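Engineer: let me see the structure of the following:
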Amino acid sequence: MTEHTIWPATVIQPHTNKPIPKIENPQRTPTTETPHRYYKNNHHKTPDIGTIAGADQNIKKILDGLKQVDPQGLSNIFPQFYDMMEKIRSATSMKGSPGNSSGVSGNDGGGQEPSEGQKELISDALTGALSILVKELGYTTVLTSFTLPLLTNFNDLLEDYKDIVKDSLLSLYISVILYGEKDIPISIIPEIVFGDNIPSNVATAVPDMYTQNYYTSENDPYPGYVEFEGPNDNDEPVYILRTDEYLPFTSLDEELYSTAEQGFAREVRPYIITISLTVDILNELLEKYCNEITDIADEKGAGKGSSSPTDLISMLGPVLGGAISGAKTNHLPNSFLDQTKMNKLLNNATKEQNELKNVYEKYAKKAMKLPNKSSSMVSKMNNTNYSLDEVAEDQLTHLSKLSGSPSSSVPDTVDKENFIIVAETAANAFESNNVFDFIKIIKEI
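Structural biologist: This next block holds a predicted model:
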């Protein structure tokens with residue numbers, strides 16, 4: 001009969017006559033009392049995918065955190081899904097409604113009523129442009145020259161631009177109070193840096209329907225080159241040499257803001273210096289950059305040469321199609337997705353989106369008024385323990401769009417109680433119908 005070795009219930013540690021302690025967690029670090037051979041090795045561990053817990057503490061949005069810890073979108077079922085949806089969001093938010101910004105035929109030059117996204121971005125860009133000029137020329141010089149035509153001809157501003165101009169002036173006023181005219185935060189234009197890595201697929205022109213990918217400086221695989229992604233999952237990305245036309249912005253929103261901000265500052269500067277700005281000139285500039293950011297958002301969000309950028313479905317189709325194709329080939333087993341059912345689902349979704357789009361265009365409210373930042377700020381400060389830094393971050397929305405790494409911490413010397421009084425005064429003037437009183441207040445610092 002074959003003899004079998006029967007192991008005892010308690011294993012005795014060699015040379016000690018002591019029982020080996022029970023291993024509660026085989027993944028923990030071995031100690032001198034627990035020999036290495038009793039622990040699982042981890043030689044075949046797969047590479048870690050970053051989690052949102054690893055993001056910097058100053059990240060405010062979930063998607064920003066995901067992009068920081070997982071820039072290649074490895075954790076997404078749909079590869080690069082968040083990046084693609086962000087492009088769509090930026091493009092559609094910059095799309096105006098059919099109509100006319102002034103209500104008078106032919107008076108707006110573009111035939112479209114600015115969307116809420118356009119108005120917020122233009123308001124922030126105008127605030128940023130005036131901030132640049134304030135740091136260069138001084139607050140008194142800029143405000144006197146900029147507001148002079150508004151005192152007598154404010155009603156000649158196109159209707160949609162009246163609140164934009166007022167909101168920009170109010171934000172500038174609050175920003176100067178909090179930071180001072182010499183230290184007011186302004187954008188830092190990112191510099192083009194070339195790295196050692198050179199991509200293989202370098203082109204001289206961007207193919208039609210290709211969309212630009214954005215990277216932070218830390219995650220850019222090919223510094224000095226711009227990456228463009230094709231509409232189909234099997235399309236190889238192409239790269240072009242980075243020039244001033246393609247500065248290294250980290251997102252489409254940042255590029256849209258910088259384009260408008262720097263454009264405003266450049267074109268308004270001569271009129272500020274010569275005290276020759278007029279309401280007609282201001283109307284033209286506001287109209288110009290509303291249209292320009294729409295064009296950029298169309299091309300960068302929907303793809304170069306997109307034939308129907310005004311149709312939401314034309315942008316969703318290639319993105320969702322490529323995402324689903326990528327999910328099938330890269331992430332999900334083929335048995336999980338039935339092609340016939342998926343096509344039917346996509347067709348139904350397209351039909352529903354078209355119906356929703358038609359309803360939206362017919363019944364959506366136009367030219368929504370921007371919120372009064374000063375009133376909401378005063379309310380928050382009076383009813384919460386908001387710090388001045390938190391107030392600035394929450395209310396001066398242009399600060400979140402500044403490119404580069406500007407310092408935007410409110411100095412400790414700012415008196416919070418006095419600031420609340422000043423903000424309340426500005427809020428009341430902002431709400432009043434007397435533009436002269438509002439402009440008079442923001443000029444007195």
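
Engineer: give me the contact list for the host helix or strand of residue 428.
Structural biologist: Assigning secondary structure by DSSP states H and E places residue 428 in helix 416-431. Among residues not part of helix 416-431, those counted as contacts by C-beta atoms under 8 Å, 6 or more residues apart in numbering are 166, 170, 173-174, 177-178, 372, 374-375, 377-378, 381-382, 388, 437-438, 440-442. To be clear about C-beta, it is placed using only N, CA and C from the backbone, and glycine gets the same treatment.

Engineer: in the next helix or strand after it, what's buried?
Structural biologist: Elements were assigned by DSSP H and E; along the chain past helix 416-431, the next helix or strand is helix 435-442. Within helix 435-442, the residues that qualify as buried are 435, 438, 439, 441, 442, counting by 16 or more other C-beta atoms under 10 Å.

Engineer: check the third one and give its pLDDT.
Structural biologist: Reading off the confidence values, residue 439 has pLDDT 91.

Engineer: wait, what's in contact with it?
Structural biologist: With contacts taken as C-beta under 8 Å, 6+ apart, residue 439 has the following neighbours: 147, 150, 151, 169.

Engineer: among these, name the buried ones.
Structural biologist: Of the members of the contacts of residue 439, the ones counted as buried by neighbours, 16+ other C-beta under 10 Å, are 147, 150, 169.

Engineer: avg pLDDT for stretch 267-275?
Structural biologist: For stretch 267-275, the per-residue pLDDT values average out at 97.

Engineer: scratch that, stretch 175-189 is what I was asking about
Structural biologist: What stretch 175-189 shows for mean pLDDT is 93.

Engineer: and what of stretch 425-436?
Structural biologist: Stretch 425-436 carries an average pLDDT of 86.

Engineer: again, but for stretch 133-151
Structural biologist: On average, stretch 133-151 scores 95.

Engineer: what's it in contact with?
Structural biologist: Contacts made with stretch 133-151 from outside it, assessed by C-beta under 8 Å, 6+ apart, are listed as 130, 157, 165, 169, 172, 176, 181-182, 184, 186, 265, 268-269, 271-273, 275, 277-279, 282, 435-436, 439, 442-443, 445.

Engineer: circling back to that earlier point, tell me the one among the buried residues of helix 435-442 nearest to residue 408.
Structural biologist: When the buried residues of helix 435-442 are compared for distance to residue 408 (C-beta to C-beta), residue 442 comes out closest, at 20.4 Å.

Engineer: and the closest one, what pLDDT?
Structural biologist: The confidence metric pLDDT takes the value 89 at residue 442.

Engineer: which stretches of the protein have low pLDDT?
Structural biologist: Counting by pLDDT under 70, the ranges of the chain that qualify are 1-112, 301-371, 445.

Engineer: what about the spatially closest residue to residue 188 that is not a sequence neighbour, how many residues nearby?
Structural biologist: Across the structure, with C-beta to C-beta, 6 or more residues apart in numbering as the measure, the residue nearest residue 188 apart from its sequence neighbours is residue 404 (2.5 Å). Residues near residue 404, counting by other C-beta atoms under 10 Å, number 13.

Engineer: quick one, helices of the stretch 201-350 of the chain?
Structural biologist: 252-274, 279-302, 312-326, 339-363 (DSSP state H, counting those that start in this stretch).

Engineer: so what does the second one touch, helix or strand wise?
Structural biologist: By that I understand helix 279-302. If you count contacts as 3 or more C-beta pairs under 8 Å, 6 or more residues apart in numbering; DSSP states H and E, helix 279-302 packs onto helix 81-93, helix 116-137, helix 139-153, helix 159-179, strand 211-212, helix 252-274, helix 312-326.

Engineer: out of those, nearest to residue 234?
Structural biologist: helix 312-326 (7.8 Å).

Engineer: for the residue nearest to residue 188, give its distance to residue 189.
Structural biologist: Look at residue 404 and residue 189: by C-beta to C-beta, to the nearest Å, they are 7 Å apart.

Engineer: quick revisit: and the furthest pair within the contacts of residue 439?
Structural biologist: Spatially, the most separated pair among these is 151 and 169, at 12.2 Å (C-beta to C-beta).

Engineer: got the buried residues for stretch 149-163?
Structural biologist: Counting neighbours by 16+ other C-beta under 10 Å, the buried set in stretch 149-163 is 149, 150, 154, 157, 158, 159, 160, 161, 162, 163.

Engineer: compute the first-to-last residue distance for it.
Structural biologist: In stretch 149-163, first residue to last residue: 16 Å (C-alpha to C-alpha, to the nearest Å).

Engineer: residue 180: what's it in contact with?
Structural biologist: Applying C-beta under 8 Å, 6+ apart, one finds that residue 180 lies in contact with residue 411.

Engineer: ok, it to residue 206 distance?
Structural biologist: Taking C-beta to C-beta as the criterion, residue 180 is separated from residue 206 by 43 Å.
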